[in-house]
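Peer 1: Here is a sequence with its predicted model. Questions after.
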Amino acid sequence: MSRPGSRNELSGRNLKVKVKTGKGRTVSQKIWLERQLNDPYVIEAKKLGYRARSAFKLIEIDDKYKFLKPGLIVVDLGAAPGGWCQVASKRVKAEEGRGKIIAIDMHGIDPLPAVTIFKKNFLDDDAPQLLFDALGGRKADVVLSDMAAHATGHRQTDHILVMTLAEAGLDFARQVLAPGGTYLAKVLRGGTEGEMLKQMKRDFSSVRHVKPMASRDDSAELFVLAMGFRGA
């Protein structure tokens, strides 16, 4: 498993912001807020105008594997709040009319220049057709999936829920990707991600697990990157 990216520039700050447990704020809320305030990726995202720290995960992965190129068509599944769309749009030069970004999420996404957005649960029966129609008969070059279910706190259950979303994204990618296309999806460690990789190796020439530096060390989060789609 590779781990692209570097924390060198971001981790140089010695922030150590402390949050008091105020009225109406639980200890767990205090810990979460303190981590956010001390997270260099959160700070850098605000500084650069990205909607979420997750933008740096895509930046790091694409910096190493270079699958987002000018003129490509990208479909972003589970796109809210839009950080990955921002990165993808810039790299395929969608605002210049060269590339195209289509995004879907069950939660609302504030408008983004040159991004077609659907407020829709990707697992709804009619969701894939919305995306097919938006493609206008063309194939996608990249399918991104940062989809995640609401955490239950039970590690194995959360693993299964996220893997279900990743596999649904893979089924969709097989239908819409052009030969040579790329599928990038979030998964969680837990056992079944290995089986998913075996399935993907039949359809893609290169398949690997990636954990960018922007993924927290204590997180079970991984990304599976499949490149070189062999065609439906």
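Peer 2: Alright, I've got the coordinates. None of the values given here were measured: they were computed from a predicted structure.
Peer 1: For Ala45, the count of nearby residues, please.
Peer 2: 20 (other Cβ atoms under 10 Å). Every residue, glycine included, has its C-beta placed from N, CA and C.
Peer 1: How about the contacts made by the residue nearest to Val143 when sequence neighbours are not counted?
Peer 2: In space, and not counting its chain neighbours, Val143 is closest to Ala173: 4.1 Å by Cβ to Cβ, 6 or more residues apart in numbering. Neighbouring residues of Ala173 by Cβ atoms under 8 Å, 6 or more residues apart in numbering: 140, 143, 181, 183, 229.
Peer 1: Ala173 sits in which helix or strand?
Peer 2: Following DSSP states H and E, one finds Ala173 within helix 155-176.
Peer 1: Cross-check the contact I'm expecting between His107 and Lys119.
Peer 2: Yes: if you go by Cβ atoms under 8 Å, His107 and Lys119 touch, sitting 7.4 Å apart.
Peer 1: Return the distance of the most centrally placed residue in the chain relative to Ala168.
Peer 2: Compute the mean C-alpha point of the chain, and by Cα atoms, centre = their mean the closest residue is Asp146, 3.1 Å away. For Asp146, the distance to Ala168 equals 13 Å [Cβ to Cβ, to the nearest Å].
Peer 1: Ala103 now?
Peer 2: Distance from Ala103 to Ala168, by Cβ to Cβ: 16 Å.
Peer 1: quick one: which of the two has more around it?
Peer 2: Neighbours were counted for Ala103 and for Ala168 using other Cβ under 10 Å; Ala103 has more, 26 against 18.
Peer 1: Identify the residue nearest the more buried one in space, chain neighbours excluded?
Peer 2: Ala79 (3.7 Å).
Peer 1: Neighbours of Leu184, how many?
Peer 2: Leu184: 26 neighbours (other Cβ under 10 Å).
Peer 1: And Glu167, how close does it get to Ile160?
Peer 2: When Glu167 is compared with Ile160 (using Cβ to Cβ), they lie 10 Å apart.
Peer 1: and if you look at His209?
Peer 2: From His209 to Ile160 the distance is 18 Å (Cβ to Cβ).
Peer 1: In the helix or strand in which Leu197 is found, which residues are buried?
Peer 2: Secondary structure from DSSP H and E places Leu197 in helix 193-203. By 16 or more other Cβ atoms under 10 Å, the buried positions in helix 193-203 come out as 193, 196-197, 200, 203.
Peer 1: From the chain's centre, how far out is it? Work that out for me.
Peer 2: 19 Å (Cα atoms, centre = their mean, to the nearest Å).
Peer 1: what does stretch 168-179 give?
Peer 2: Distance, centroid of stretch 168-179 to centroid of chain: 16 Å (Cα atoms, centre = their mean).
Peer 1: Rounded mean pLDDT for it, please.
Peer 2: Regarding stretch 168-179, the rounded mean pLDDT is 97.
Peer 1: Show me which residues of that stretch are buried.
Peer 2: Quick answer for stretch 168-179 (16+ other Cβ under 10 Å): 168-170, 172-174, 176-178.
Peer 1: Would you mind writing the CA trace of that stretch as CSV?
Peer 2: The C-alpha trace of stretch 168-179 is given here as CSV (Å, rounded to 0.1, in the frame of the first residue of the first chain):
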residue,chain,number,x,y,z
ALA,A,168,-22.1,0.3,-5.9
GLY,A,169,-19.8,2.9,-7.3
LEU,A,170,-17.7,0.2,-9.0
ASP,A,171,-20.8,-1.3,-10.7
PHE,A,172,-21.6,2.2,-12.0
ALA,A,173,-18.0,2.8,-13.1
ARG,A,174,-18.0,-0.4,-15.1
GLN,A,175,-21.0,1.0,-17.1
VAL,A,176,-19.8,4.5,-17.7
LEU,A,177,-16.0,4.5,-17.9
ALA,A,178,-14.2,4.7,-21.2
PRO,A,179,-11.4,2.3,-21.9
